[in-house]
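# A predicted structure for the sequence below; I have some questions about it.
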Amino acid sequence: MTDTGLPTRILGRTGMAVTRLGYGSVELRNARPEARRVTDTVAGELLNAVLDEGINFVDTSPDYGLAEKMIGRFIAHRRSEYFLASKAGCRVTDEPGGDGRHSYTRANVVAGVEQSLQRMRTDYLDLVQFHGRPVLAELIEGGAIEALQDLQRAGKVRFIGASAMLPDLPDLIATGVFDEFQIPYSLLDRVHEGVISGAARAGAGTVIRGGAARGAPSDEKQWVDASLGVSEERARGLWEHASLDDLLDGASRMAFTLRFTLSHPDLDTAIVGTSRVEHLRDNLASLRQGPLPADVYAEALRRLDEAAARIGQ
């Protein structure tokens with residue numbers, strides 16, 4: 001990968017420099033009735049804009065409908081420009097997006113990786129992450145970890161990770177097997193704040209999802225529609241009781257939320273999904289501003305802690 005000009009961070013023990021903002025392709029899924037439709041023209045423009053703007057971390061999944069096929073169709077010819085992360089454990093079916101269920105057997109993991117390679121028109125995946133909140137016992141029993149390690153030795157997978165949550169994360173971290181963890185976190189969903197640091201101390205890369213979507217609503221996204229890790233009532237209560245609007249200093253709520261996420265000292269990259277180039281550029285503008293000033297970040301944390309105590313954990 002070439003120097004993108006954007007801020008980068010070494011992704012844990014992988015040794016790879018990834019941009020602090022990554023692109024999550026879930027908005028390209030198109031395969032389910034509830035999905036916002038993205039035309040081929042828009043998908044092509046967006047994916048190429050991601051690379052043109054300097055982002056070098058692209059996250060996807062077989063569960064994301066047509067996303068893998070769009071990546072293969074529109075940016076496979078630029079493969080050397082990006083670190084490609086997909087998922088394993090998604091049940092292999094003929095339908096894009098599968099059936100939403102997961103299976104951690106050797107056969108399904110191998111078949112899924114082979115399918116992803118074909119769809120994205122590449123010989124290797126930089127990172128394959130177990131999807132669907134796997135429990136360590138499931139991965140061991142099904143031979144899933146060994147399957148990815150065999151694919152590593154075959155040169156089809158470079159690094160192994162897991163998209164995981166509490167209470168399962170500590171067990172996965174303790175194995176020492178995983179090069180990376182994808183973890184949900186935002187200003188309004190801080191339950192994983194400490195375990196992010198725990199993963200980093202163990203040498204794993206940290207990829208944060210939901211760092212903007214799980215925060216404040218944009219002009220187009222109301223509280224009730226936001227992809228929050230907490231209830232709408234609690235999200236609104238935290239934001240309002242913490243008086244976070246007083247800290248915005250002219251920024252939008254979404255920009256403040258993303259910069260808060262990027263302020264976590266042990267975050268390597270935050271993936272944000274969008275289907276619009278203008279939103280992508282807004283996110284990049286927030287990235288270029290950098291983390292929140294130390295005093296603002298500390299004050300936001302203090303206010304959020306006090307607000308959480310007032311409204312109840």
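Received the coordinates, thanks. Numbering: from 1, shown residues only.
# can you list the buried residues in the one helix or strand residue 172 maps to?
Assigned by DSSP states H and E, residue 172 belongs to helix 169-174. Residues 169, 172-173 are the ones in helix 169-174 that count as buried (16 or more other C-beta atoms under 10 Å). Glycine gets a C-beta too; all of them are placed from N, C-alpha and C.
# chain center to that helix, what's the gap?
Computed by C-alpha atoms, centre = their mean, to the nearest Å, the separation of helix 169-174 from the middle of its chain amounts to 18 Å.
# C-terminal to that helix, what's the next element?
The helix or strand immediately downstream of helix 169-174 is strand 180-184, counting by DSSP H and E.
# next secondary structure after that next one?
helix 193-201.
# which of the residues in that next one are buried?
195-196, 198-200.
# quick one: the helices in this structure, in order.
Here the chain has its helices, by DSSP state H, at 40-52, 67-75, 106-119, 136-142, 144-153, 169-174, 193-201, 232-241, 253-262, 277-289, 294-311.
# in contact with residue 49, which residues?
By C-beta atoms under 8 Å, 6 or more residues apart in numbering, the residues touching residue 49 are 277, 280.
# with residue 310 instead?
So residue 310 contacts residue 241 (C-beta under 8 Å, 6+ apart).
# repeat for residue 181
By C-beta under 8 Å, 6+ apart, residue 181 lies in contact with 161-164, 169, 172-173, 199, 204-207.
# one more time with 10 Å
Contacts for residue 181 (C-beta atoms under 10 Å, 6 or more residues apart in numbering) come out as 12, 129, 161-165, 169, 172-173, 192, 195-196, 198-200, 202, 204-208.
# cool, residue 298 as well?
Residues near residue 298 by C-beta under 10 Å, 6+ apart: 263, 292.
# likewise for residue 8?
Residues in contact with residue 8, defined by C-beta under 10 Å, 6+ apart, are 1, 16-20, 54, 56-57, 268-269.
# including pLDDT, could those residues go into TSV?
As requested, these are arranged in TSV below (pLDDT from 0 to 100):
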residue	pLDDT
1	61
16	98
17	98
18	98
19	98
20	98
54	97
56	98
57	98
268	98
269	98
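# for these, which one is nearest residue 277?
residue 54 (13.8 Å; C-beta to C-beta).
# correct me, but that closest one touches residue 284?
Yes. Applying C-beta atoms under 10 Å, one finds residue 54 in contact with residue 284, separated by 7.9 Å.
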